[in-house]
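Novice: Need a 3D model of the following:
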Amino acid sequence: MPTATPIGINEHDLSTVEFNADGLVPAIVQEQGSGQVLMLGWMNEEALRRTLTSGRSWFWSRSRQEYWCKGETSGDRQWVREAYYDCDGDAVLLVVEQEGRGACHTGERTCFYRAFGAPDAPAQ
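Specialist: Residues are numbered from 1 along each chain as shown. Purely as a prediction, here's the structure:
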């Protein structure tokens, strides 16, 4: 079983992150090794702090208005190995070791399993 690897919080780096009007920043989650983008979630400052200090991915649920730690109910946990913020400070990238089936609540490995214009896409 993977173990948590906390990442130190540098207050200067944290202050560089630009949270939107709702106090949130998009967090892209990428699988270590394969580089596959697994999901996108939203973080407020507390969720980002929890992520960095715990070594697990924490998000803010906009619909439920509560924190959630990825995989606590499904067992499909994410173990954060690296964390970055982009040049503008308006997006976060987490590189994770994905445990279990995958990141998507549908059971897919990634949330990005549907392609525009795919032959099996339903016609409108």
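
Novice: Which element, helix or strand, includes the residue nearest the centre of the chain?
Specialist: What sits nearest the mean C-alpha location of the chain, by C-alpha atoms, centre = their mean, is Val29, with 4.0 Å. Counting by DSSP states H and E, the element that carries Val29 is strand 25-31.

Novice: Contacts only, for the residue nearest to the centre of the chain.
Specialist: Residues near Val29 by C-beta atoms under 8 Å, 6 or more residues apart in numbering: 37-41, 57, 70, 78, 94, 96, 103. Every residue, glycine included, has its C-beta placed from N, CA and C.

Novice: Run through the bridge partners of it.
Specialist: With DSSP bridges applied, Val29 shows beta-bridge pairing to Met39, Leu94.

Novice: Ala21 versus that one, what's the distance?
Specialist: Plainly put, Val29 is 23 Å away from Ala21 if you go by C-beta to C-beta, to the nearest Å.

Novice: and stretch 1-8, C-alpha only, in PDB?
Specialist: This file holds the C-alpha atoms of stretch 1-8, laid out as PDB (Å, rounded to 0.1, in the frame of the first residue of the first chain):
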ATOM      1  CA  MET A   1       0.000   0.000   0.000                       C
ATOM      2  CA  PRO A   2       1.300   3.500  -0.900                       C
ATOM      3  CA  THR A   3       2.200   5.800   1.900                       C
ATOM      4  CA  ALA A   4       1.700   9.600   2.300                       C
ATOM      5  CA  THR A   5       4.600  11.900   1.400                       C
ATOM      6  CA  PRO A   6       3.800  15.300   2.800                       C
ATOM      7  CA  ILE A   7       5.100  18.300   0.900                       C
ATOM      8  CA  GLY A   8       6.400  21.300   2.900                       C
END
